[in-house]
Structure formats: C-alpha cells, structure tokens
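Asks: Pasted the sequence and its predicted model underneath.
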Amino acid sequence: MSSRYFDVYAEWKRDPEGFWANAAADLDWFKTWDKVFDPDAGVYGRWFVGAECNTCYNAVDRHVESGRAKQTALIYDSAITGSQQSFTYAELKAQVVALASVLQNQGVRKGDRVIIYMPMVPEAVFAMLACARLGAVHSVVFGGFAARELATRIDDSRPDVIISASCGLEPGRVVAYKPLLDDAVDMAKHKVRHCLILQRPQQTCELIEGRDLDYADQVARERAAGANVDCVPVAATDPLYVLYTSGTTGQPKGVVRDNGGHMVMLKWTMQNEFGIAPGEVFWAASDVGWVVGHSYIVYAPLLHGCTTILFEGKPVGTPDAGTFWRVIEQHGVAALFTAPTAFRAIRKEDPDGEFIPKYDLSKFRTLFLAGERADPDTIKWAELHLKRPVIDHWWQTETGAPISQNPIGLGQLPVKYGSPCVPMPGYDVQVLDDAGHPVPNGTLGNVVVKLPLPPGCLPTLWNADERFYNAYLAEFPGYYKTADAGVIDDDGYLFIMARTDDIINVAGHRLSTGGMEEVLAEHPDVAECAVIGVADVMKGQLPLGFVVLNGKVSREFAVIEKEIVKLVRDRIGPVAALKTVVSIKRLPKTRSGKILRATMQKIADSEEWKMPATIDDPVILDEITVALKERGIG
C-alpha cells in the first residue's frame, strides 16, 4: 500500500511557509500577503498577514464565474418532512446576495456580529454565506438551545441581528424556537436591533412589531428589486465566525476562526485528506450548529467546488436504519462523514446490516468517522457490511479540520484499529508527561501540538486573549494543549485514549476509560458503551461500565455482565478492577453525539450536577439515576 503521505509531511516540515503559500494559490485573493506567517502577530503568530480576501467569494462567486454556475452546489434532504430542494451555484449566489442585501438594509457592516439560531434548512447555509459576503462575523447557535445559553452568547458576541426560524423538527415532535428566542433576547443585557424569522409551515409564530422581520418577505423583496451586493474585502486575519464551545467555568468559550487560513486549510483537506474531487457529492451528516457543520457541510465542500448535502433527519427512525443508504443512493454520494455514534445507532437497529444491500451504493467510496472515539468494533462492523475504507480521524472545534487522519487523498495507510492514524501536515503532535517532558513511544501522556498551529486553527478566543493563553498555551510552554490523553506508537500512529479528565487512577495505576470502552464494545451483545471512574475509599477510583444492548438480545443481563467483566480482566488485566456494569436504554449525549461522561460521573458520585445545555434527551439522566440506585450506586 503506497502513500505519498510521508513525502508530503516531510515537505511541510522542511518549509512550512512555502507549503501553505503553495496551498493558498488554489484560492482567489484580492491582495496577497505581506508575510505567510508572522510570529510576532497575535498570541502565537498569524497566517497570511496583510492579505485581503472574501470567503463567500471563494465558496460561491468564483465557481459561478469559472463554469460551475449550473452545477448543483447544495442539496437539502429532509427525511423528517419528506421534502427535498437543490440549488445550483448560480441559485445559491442569488439567495445569498438577496439575504446579504436584507442584512445590509438592517445596518450590518464589516465586523458586525450576527447570531444564526436555525434548524437544518437551506436558509441556515445562506445566512452563514451572506454574513461572510459582508465581512460580518457569524455565530451559529444550535437551534433549540436553552434560552439562558442563547442569552450568554448574545451578551458575549453582541450581535446586531439574529436570524432564526419559527421552529425546528425532531422525529415525532416540533420544537418551537420563537419562545426560546424571545426569552433569550429579554434575558440578555445586550439589546438586539432586529430578528429575521423564517416561518416554517409546520409551526408559524407571532412576530413582534418593530423588532421582528419575516425572512421570506424580506428576501423576496430584495430579489424582485434586483439586489446586487458585492463581496466585501476583509483581512485574512479578520474573523469569519465565532463558535461557542463549553468552558470549564460555565462561561462558554468563543472560538474564533479567521478568513484566510481557514479557507486555505479546508480547501487543502478536501482533495488530500478526504480524497474528493471538485464536482463530487460530499455529505457530512452533522448539524450547522457544530464545527463539523461549519467546516464540512458549508465551507470546505463549497470552497472545493463540490455538491454538499444538508440533511434534516436521524440515522434511525426517519424512517428506519436505511435512511443513510437511501440518501447515498439518491444523491450519488462519494463520501460520508458522520459520528461513530450514528453508526452505533444503525448497528443497534440493524445488527446484521440487512438494509445495506437494498440500496445502490456504487458511487460511495469512503466512510469517515469523527466526533467521538471510533471503537474498533464499530469500524469493523462498518467495514464488513459496506466493504469500503472506514477512516477514523481526530480533531477539535478549536482546530476546524483534522489533526490526525488516514489521508485517503494521498494514498491510504494501513489501518490500525483504535487509531485515527498519523498527524496531518501542519501538526507536530507530541506526547508529554505532566511536567512537560516527552514520554517514550507507547506511553500514555498529554497529547500536545508544537506551536505554531497551522492555518485554520483558532488564533484566540472572542475578546479573551488571556483566557485563550491560560486555557491552551500556559500549561505546556511552546505547545497547544489538546486536553486529550494518548500514545504514539513506533510507527508514528496516534492513539487518542480519553480526555485528560477521563484518565482514572485505580490504586495508583493511570488507566484510560477509552481503552476499557474498546473492550466493552467487543462484546457481541453491546451496541454502545461508556466507562467512567467513580470514587472509591480504598483504590481512589474504580471503573463503572454502562452498556446499551443490541435490539435482538434476550439473555439475562447478569450473565452478560459477568462476560463483560471477564473480558476486561482478560484484555487489560486485574488492575482494571471493572466489577460493575449497568444496562441502560440509551447513553446521554450532546446533540453532536458526545457522551456526557462527566455528568454521569457526578450522578454516580452523588455530587451536585447541572443539566448540560447541549443534551439531546434530558430524561435519560433520570433513568440513569434510577438504574444506579437499583445497583446501590449514587
């Protein structure tokens, strides 16, 4: 298996500035840079200093002008409503220009902020691009977020306008957005001038006179008037967006993404990392509220001249475990990028993969998984039934693109189960002990990235340089702290074992809960699992397992529990000390699919806990509390 990866990675290491300048030549710039990288700018240096560009121009106008005007740019597929729409690059430009004109009429200018609080509808994509066109800074807040959480984001980003919708849709229910929006606006100290509201037919809402504007009416008026808004040149170092991620203090962290470096990195990843050519159909089954939605639903595919899919639905239940295969067949998808949790849900409903052969997947080449550790068992299940490469990769909201991946576009490397493969160009990944010293290969430690971070990574937090430095750079001087723990093996493969706060200390032994989860997932009756550390007087901490069983399991759970305990003892050894496994109906997760292990741990340790703002289904935490009490825990 030959790969160009090693040559390309060496080329980057030899001349980082030349490497990224070469990548930047694939995009259009209003003014080229004075310096590819300026180490004296910003907190740790800035990329493409002095350059001027516009992200919307590169994602939309450039393709209209260069022969892709009639190519489909965006496909909206709502498995919940059964409706679909598609937009060519020319139609996408018309929608974006009209909305940009509406925003301009409301006084939005370069540098102003706009919050987008939207469901998975095309207008959410138009809104992001319209802000980019004007040089305004967008901040997408996941539709349906609690009013208090939205209010904190309003006060931090201080937007002039909020773009929202009357409602969002979940399987079997309508989520009214307008009452949440109204409460948030009332709660916030910063006062928003206008709210632009998309009325969805499933549930409309009352508009507040003087503040609220009807999205469809406003856009239709601008289109009829022949609105024409040019792309506003911005500095490459100007912010494109702010995306809030949860902070340990309870105050959300506003991750800043710049315009220039972001374009360069995302465009480069599409061909080289994901193996996708312009004109092909790329589907990231995520939400625009998360970083995956920003990077790989909206910006990367459009910058690369691809067709991107915006999917409103779930991997199961809309209507069944075959919905992903239906979308792939119907739209000719070349690559799917989703979270491992989606595949665990599909596997739970269809353990034998019976839905897969019902669909024509002949154009489908690669499955990419990220967002949560991809356990080897899930990867093997997908490989067995799809008979295609299944690529685990690892990155963060802060980086905006993969840190570590098996680079399909450069030639696939051998797969090592449990590893997101090797560092990508731009990332000098190292593993350090708590004192900041390098550890030998194969030793668990803190995963860090040597500075400077590559283009596209966060240059800082919104209006919080000191907080950025303290959160990411202070602990290991000269390095970015990922807050993940892992190992690098002798072949340079990275294994991310857990967040550093998911390392548990059992009688002096540092153990990875992620490593134990891999073992639990091997059991044939287990669909999903999580392992947390709970307080123990004798040993400091003990591991506690949670499992969701496959749909077809009918055996006594006590028997399964004994088998799982034995499996962990056999694979990891008695030191793991896993003795208790609890069966639950489903795992508590964020809407992006991350398991809420910290909250589960607080419940098990009888500590006070707060309902996470990002939780998908709050009821499950009550069910976990009851299940633990029945076992004498918590």
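Replies: Cool, the structure landed.

Asks: so where does Leu74 fall, helix or strand?
Replies: Of the helices and strands defined by DSSP states H and E, Leu74 is found in strand 72-78.

Asks: so for that strand, what's the average pLDDT?
Replies: Per-residue pLDDT values across strand 72-78 average out to 98.

Asks: Packing partners of it?
Replies: Secondary-structure packing of strand 72-78 (3 or more C-beta pairs under 8 Å, 6 or more residues apart in numbering; DSSP states H and E): strand 83-88, helix 89-105, helix 122-134, strand 307-312, helix 323-331. C-betas here are computed from N, CA, C, even on glycine.

Asks: I'd like the C-alpha coordinates of that strand written as CSV, please.
Replies: The C-alpha atoms that make up strand 72-78 are tabulated as CSV, following Å, rounded to 0.1, in the frame of the first residue of the first chain:
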residue,chain,number,x,y,z
THR,A,72,-25.6,21.7,-8.0
ALA,A,73,-24.0,23.3,-5.0
LEU,A,74,-26.4,22.4,-2.2
ILE,A,75,-28.9,19.5,-1.8
TYR,A,76,-31.4,19.9,1.1
ASP,A,77,-32.8,16.5,2.1
SER,A,78,-35.3,16.4,5.0
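
Asks: Tell me how far the spatially most central residue of the chain lies from Phe87.
Replies: Among the residues of the chain, Val292 comes closest to the average C-alpha position under C-alpha atoms, centre = their mean, at 3.3 Å. Separation of Val292 from Phe87 (C-beta to C-beta, to the nearest Å) stands at 21 Å.

Asks: out of the helices and strands packed on strand 72-78, deepest packed?
Replies: Of all the helices and strands packed on strand 72-78, helix 122-134 has the most neighbours on average by mean count of other C-beta atoms under 10 Å, namely a mean of 27.

Asks: between the strand holding Leu74 and helix 89-105, how many degrees?
Replies: With axes from the mean of the first three to the mean of the last three C-alpha atoms, to 10 degrees defining the directions, strand 72-78 sits at 80 degrees from helix 89-105.

Asks: Where does pLDDT dip in the stretch 401-550 of the chain?
Replies: Across the stretch 401-550 of the chain, the stretches falling below the confidence threshold (pLDDT under 70) are 500-501, 507-510.

Asks: so where do the helices sit in it?
Replies: Per DSSP state H, counting those that start in this stretch, the stretch 401-550 of the chain has helices spanning 465-468, 513-522. These are given in chain order.

Asks: for the stretch 201-350 of the chain, same thing?
Replies: Along the stretch 201-350 of the chain, counting by DSSP H, counting those that start in this stretch, helices occupy 215-224, 260-272, 291-292, 300-303, 323-331, 340-349.

Asks: Show me what the second one is in contact with.
Replies: Taking C-beta atoms under 8 Å, 6 or more residues apart in numbering as the criterion, the residues outside helix 260-272 that touch it are 8, 20, 23-24, 26-27, 33, 47-48, 51, 53, 55, 58, 235-237, 240, 276-277, 282, 295, 299-301, 303-304, 306, 400-402, 407, 409-410, 424, 426, 454-457.

Asks: Tell me which of the helices of the stretch 201-350 of the chain lies nearest to Asp38.
Replies: Taking C-beta to C-beta, helix 260-272 is the member of the helices of the stretch 201-350 of the chain nearest to Asp38, at 11.9 Å.

Asks: tell me how far that closest one is from the chain's mean position?
Replies: Chain-centre distance of helix 260-272: 16 Å, with C-alpha atoms, centre = their mean, to the nearest Å.

Asks: average model confidence for it?
Replies: Helix 260-272 shows a mean pLDDT of 98.

Asks: Output that helix as PDB, nothing but the C-alphas.
Replies: Extracted in PDB, the C-alpha atoms of helix 260-272 (Å, rounded to 0.1, in the frame of the first residue of the first chain):
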ATOM      1  CA  GLY A 260      -7.600  33.400   5.100                       C
ATOM      2  CA  GLY A 261      -6.100  30.400   7.000                       C
ATOM      3  CA  HIS A 262      -9.500  28.800   7.300                       C
ATOM      4  CA  MET A 263     -10.000  28.800   3.500                       C
ATOM      5  CA  VAL A 264      -6.600  27.500   2.800                       C
ATOM      6  CA  MET A 265      -6.700  24.600   5.200                       C
ATOM      7  CA  LEU A 266     -10.200  23.500   4.300                       C
ATOM      8  CA  LYS A 267      -9.600  23.600   0.600                       C
ATOM      9  CA  TRP A 268      -6.400  21.600   1.000                       C
ATOM     10  CA  THR A 269      -8.100  18.900   3.100                       C
ATOM     11  CA  MET A 270     -10.800  18.000   0.600                       C
ATOM     12  CA  GLN A 271      -8.500  16.500  -2.000                       C
ATOM     13  CA  ASN A 272      -5.600  15.500   0.100                       C
END
